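Participant: I'll drop the sequence and a predicted model, then ask my questions.
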Amino acid sequence: MKEIDIQDSSVFEEAMQAFEENPVILIQFPDVFGLMAMPNQIGVKGLDQTKNRLPGKYYGSVVGLVEKFFGLQENSERFPFLKGPEDYSLLEGSILRLRISGPELNSPAVFEGSHQSLLFKEGPIRSLFRKLERAFEPIADSSFYGGKVFSAPLCTSANISGHENGSIVDLDVVRNFGRQKRIPLLIRSESMPVPGGSFPVLYLQKNGISVQRIGPSLEEIKAKFPSEIFLK
């Protein structure tokens, strides 16, 4: 398994080359190791096989192009405080959940009409995912999102589904995992700051923001908005 740093100038090219060999590659996020895959059935099959996926699990994504992600949201669910990319940036450093259709829609990336995606702050990770999202647009499976085109890579924790040890955070452990699963590439990001805990999960609704999980950047995000928009 090859390794490359997220800040290497050739990381995008190396990632695309690895995806030609395998639909799944490894990436080191600031606090955990993750798997990312092409946003189509080939990628889903690769993730399922790599994780020995349990029933009832759904895959998230990592936002590259914020306007594409927020474009998934149902018009009736749009949050009035967010009018464009500059407003969306106020939510960086969180996992965002959107309702993109009615509850009848379920797919590998959507549970009862909602999808969630991790929005990093601007930097090397966000830059890489922006390039990958553009590159995957011709092969993305729009049926995942009810016919809407969204080509961000699918992402999930790097581990066996339901494993008692949870997500992998140790480099030696993830190297062994990658070799066992014949994953061709590990993108490392040890130089990136560690947030000190899991990202907060925010559910964006038309009447406000519901905090689904508390995380280290939550107070920073809340300070950017009127307090009354956070639902009790």
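Facilitator: Looks like it came in fine. This is a predicted model, so every value here is computed, not measured. Numbering: from 1, shown residues only.
Participant: Which residue ranges of this protein form strands?
Facilitator: Using DSSP state E, the strands of the chain run over residues 2-5, 24-28, 33-37, 60-62, 94-99, 114-119, 154-157, 185-188, 201-205, 208-213.
Participant: Please render the ones you listed as JSON lines that adds mean neighbour count and distance to S227 to the earlier fields.
Facilitator: For glycine as for every other residue, the C-beta is placed from the backbone atoms N, C-alpha and C. Below are the strands of the chain laid out as JSON lines (neighbours: other C-beta atoms under 10 Å; distance: least, C-beta to C-beta, whole Å):
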{"stretch": "strand 2-5", "mean neighbour count": "15", "distance to S227": "40"}
{"stretch": "strand 24-28", "mean neighbour count": "26", "distance to S227": "35"}
{"stretch": "strand 33-37", "mean neighbour count": "25", "distance to S227": "33"}
{"stretch": "strand 60-62", "mean neighbour count": "22", "distance to S227": "28"}
{"stretch": "strand 94-99", "mean neighbour count": "23", "distance to S227": "17"}
{"stretch": "strand 114-119", "mean neighbour count": "22", "distance to S227": "21"}
{"stretch": "strand 154-157", "mean neighbour count": "22", "distance to S227": "31"}
{"stretch": "strand 185-188", "mean neighbour count": "22", "distance to S227": "38"}
{"stretch": "strand 201-205", "mean neighbour count": "20", "distance to S227": "15"}
{"stretch": "strand 208-213", "mean neighbour count": "16", "distance to S227": "11"}
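Participant: And the ones you listed: which comes nearest R130?
Facilitator: With C-beta to C-beta as the measure, strand 60-62 is the member of these nearest R130 (9.9 Å).
Participant: Quick one: residues in contact with the closest one.
Facilitator: Residues outside strand 60-62 that contact it (C-beta atoms under 8 Å, 6 or more residues apart in numbering): 36, 39, 69, 95, 109, 115-120, 125, 129, 150, 152-156.
Participant: go again using 7 Å as the cut-off
Facilitator: The contact list for strand 60-62 (C-beta atoms under 7 Å, 6 or more residues apart in numbering) reads A109, Q116, S117, L118, F120, F129, A152, P153, L154, C155, T156.
Participant: Parallel or antiparallel, which strands does that strand pair with?
Facilitator: strand 114-119 (parallel), strand 154-157 (antiparallel) (DSSP bridges).
Participant: Quick one, which of these gets closest to D172.
Facilitator: strand 154-157 (17.1 Å).
Participant: chain center to that closest one, what's the gap?
Facilitator: 6 Å (C-alpha atoms, centre = their mean, to the nearest Å).
Participant: just stretch 123-136 next, same as before
Facilitator: Counting by C-alpha atoms, centre = their mean, stretch 123-136 comes out at 11 Å from the chain centroid.
Participant: Which one of the strands of the chain lies nearest to V173?
Facilitator: strand 33-37 (8.3 Å).
Participant: which other helices and strands contact that closest one?
Facilitator: Here strand 33-37 touches strand 24-28, helix 41-51, strand 154-157, going by 3 or more C-beta pairs under 7 Å, 6 or more residues apart in numbering; DSSP states H and E.
Participant: And the lowest mean pLDDT element among the helices and strands of the protein?
Facilitator: Every helix and strand in the chain was compared by mean pLDDT, DSSP states H and E; the lowest is helix 85-88, with a mean of 80.
Participant: how much does the biggest helix by length in the chain deviate in direction from strand 33-37?
Facilitator: Scanning the chain for the helix with the most residues, using DSSP state H, yields helix 124-136. Angle between the axes of helix 124-136 and strand 33-37 is 20 degrees (criterion: axes from the mean of the first three to the mean of the last three C-alpha atoms, to 10 degrees).
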